[in-house]
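1. Sequence first, predicted coordinates after that:
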Amino acid sequence: MTTTAITPIANGGVLVASPNTSVREQLRRTLDDRGCAVQEVSGGADALAKLETGQWQLLFLDRRLPDLDAEEVIAIIKARFPGIEVILVESDGATVATQPDLGDRRSWLKPSVQTLERELERLTVPRPRSGNSNSTPLPGMLGNCEAMQRVYQLTRLVAPRQTTVLILGATGTGKELVARAIHKLSPRSSGAFAVVNCAAIPETLLESELFGYSRGAFTGAVQSYVGRIHSAQGGTLFLDEIGEMPLSLQAKLLRFLEQKEVQRLGSTDALRVDVRVVAATNANLAEQVATGHFRQDLYYRLSCFPIELPLLTERRRDVLPLAQHFLRATSVAMNSGVPKLSEEAVRKLESYAWPGNVRELHQVIERALILADGAELILPDHLWMGAAFRQPLKPEKSAEWRSA
């Protein structure tokens, strides 16, 4: 019987994760016969890291992982990579089971090798192309609301090109994650990703930090420095908080964007560079142009392809999946069990305004894990946010706390 091959997609398409070499070899031979592009890893952590590097269609996951629990790996995959189908494999190489629902233990079956053939037959049927194929979450990001799907689509459209991108959004919405995704999904992914926070570097140092300087250019310049732009040669330069760049430097940045040349302080030589620029800001640059705080020509040059990130309060249905993801990830980092959110805690999370956006949610969850101190359930009292952030550890000391 002839089967249709799975169409290979970015970074391999099919991933096999097992510590057992014979299992990996058996699956590779079976998949190779069907024209699948396969990559292998030996553990759960390596599998999750590999899934971050591109789009995948299918994961064969060994139930006996050497580092992580298979249930936890699948839960993370369901939250972060919902488009990936997972097939559980026993380490004896003869048992395969599809795991559609972690809550249904009966689905952990032990069929014969013929089941593997039937699963592959089902999975190798060509899937129709969807007009929203670019709307799956970006590497390192989570959320499926309409506004975020638009962000994913725009990012994947512009990533393979050389176009300058301007990422707009409030603090904590994930602007740097989008910038890193653009770099990772671009032909420049093997090059450097250089980050410059224009608000964090003093004005007197920003020019030399960006463009570099020659030896003796100023007092203390005992040796030459190439600068962040030149260090990103062949890669991507991420200019965060571009709205904070001083006017005196904006003209030189504009010339670099137009000419692709860098002139270091104290030097008359212009060096050609091949660098893609992605900028981000939480400011309204159009208003800054109107008030004379930002150059209009630079604004138009940067905003060739804008991507605007929504506030967390505008993506309410993503709050719970994000909170659960942060619970799992932070619990692993703390080497502790993963507690559940009580119904009251869920309601508190979903009703809060989140002025600090996703970053604030992450911090609230991390603080809740510490306050829960190993408990199996996160309660509303563990969720300190807004005015509740200053609540006392002990109720009887509340008066002292408020007067502090």
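-> Alright, I've got the coordinates.

2. what's the pLDDT at Leu393?
-> On pLDDT, Leu393 comes in at 45.

3. Excluding chain neighbours, give the residue nearest to Ala283 in space.
-> Residue nearest to Ala283 in three dimensions, not counting chain neighbours: Gly243, with 3.4 Å by C-beta to C-beta, 6 or more residues apart in numbering. Every residue, glycine included, has its C-beta placed from N, CA and C.

4. Strands of this structure, start to end?
-> Counting by DSSP state E, the chain has strands at residues 14-17, 38-41, 58-62, 85-89, 96-98, 165-168, 193-197, 236-240, 261-263, 270-272, 276-281, 305-308, 340-341, 377-378.

5. out of those strands, which comes closest to Gly386?
-> Comparison of these against Gly386 by C-beta to C-beta identifies strand 377-378 as nearest, at 17.2 Å.

6. Need the contact partners of the closest one.
-> With C-beta atoms under 8 Å, 6 or more residues apart in numbering as the test, strand 377-378 has contacts from 327, 339-342, 345, 368-369, 372.

7. If you rank these by neighbours, which is first?
-> Highest neighbour count within the contacts of strand 377-378, by other C-beta atoms under 10 Å: Ala368, with 26 neighbours.

8. Which pLDDT value does the model give that residue?
-> So Ala368 comes in at 94 (pLDDT).

9. and the closest residue to it other than its chain neighbours, what does it touch?
-> Among residues not flanking Ala368 along the chain, His382 sits closest, at 4.1 Å (C-beta to C-beta, 6+ apart). Counting by C-beta under 8 Å, 6+ apart, His382 touches 345, 367-368, 371-372.

10. What pLDDT is listed against His382?
-> Residue-level pLDDT assigned to His382 equals 93.

11. if we can go back for a sec, find the pair from the contacts of strand 377-378 with maximum spatial separation.
-> Farthest-apart pair in the contacts of strand 377-378 is Ser342 and Leu369; separation 13.9 Å (C-beta to C-beta).

12. about what we covered before: of the strands of the chain, give the one that comes closest to Lys78.
-> Per C-beta to C-beta, nearest to Lys78 of the strands of the chain: strand 85-89, 8.2 Å.

13. Could you pull out the buried residues of that closest one?
-> Residues of strand 85-89 classed as buried by neighbour count (16 or more other C-beta atoms under 10 Å): 85-89.

14. That strand vs strand 58-62, what angle?
-> In terms of direction (axes from the mean of the first three to the mean of the last three C-alpha atoms, to 10 degrees), strand 85-89 departs from strand 58-62 by 30 degrees.

15. picking up where we left off before, okay if I get the contacts of strand 377-378 as JSON lines plus distance to Gln162?
-> Shown next, in JSON lines, are the contacts of strand 377-378 (distance: C-beta to C-beta, whole Å):
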{"residue": "Leu327", "distance to Gln162": "39"}
{"residue": "Pro339", "distance to Gln162": "46"}
{"residue": "Lys340", "distance to Gln162": "46"}
{"residue": "Leu341", "distance to Gln162": "44"}
{"residue": "Ser342", "distance to Gln162": "49"}
{"residue": "Ala345", "distance to Gln162": "46"}
{"residue": "Ala368", "distance to Gln162": "43"}
{"residue": "Leu369", "distance to Gln162": "43"}
{"residue": "Ala372", "distance to Gln162": "48"}
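
16. and the gap between the residue positioned nearest the centre of the chain and Ile370?
-> Most central in the chain under C-alpha atoms, centre = their mean is Gly140, positioned 2.1 Å from the mean C-alpha point. Distance of Gly140 to Ile370, given as C-beta to C-beta, to the nearest Å: 24 Å.

17. Kindly report the same for Leu177.
-> In terms of C-beta to C-beta, Leu177 sits 24 Å off from Ile370.

18. Neighbour count for these two, which is higher?
-> A direct count of neighbours by other C-beta under 10 Å for Leu177 and Ile370 places Leu177 higher, at 18 against 11.

19. wait, isn't Trp192 in contact with Phe238?
-> Just to correct that, residue 192 is Ala rather than Trp. No: the pair Ala192 and Phe238 fails to qualify as a contact (C-beta atoms under 8 Å) at a distance of 10.5 Å.

20. where does the closest residue to Asp297 other than its chain neighbours land on pLDDT?
-> For Asp297, ignoring the flanking residues on the chain, the nearest one in space by C-beta to C-beta, 6+ apart is Leu254 at 6.0 Å. What the model reports as pLDDT for Leu254 is 92.

21. List the residues that contact Leu254.
-> Contact analysis of Leu254 by C-beta under 8 Å, 6+ apart lists 295, 297-298, 301.

22. what number of residues lie near the nearest residue to Pro160 once chain neighbours are set aside?
-> Excluding the flanking residues, the one nearest Pro160 by C-beta to C-beta, 6+ apart is Ser186, at 6.0 Å. Ser186 is flanked by 19 other residues according to other C-beta under 10 Å.

23. hang on, isn't Ser186 packed against Val278?
-> No: the criterion here is C-beta under 8 Å, and Ser186 misses it with Val278 at 9.7 Å.
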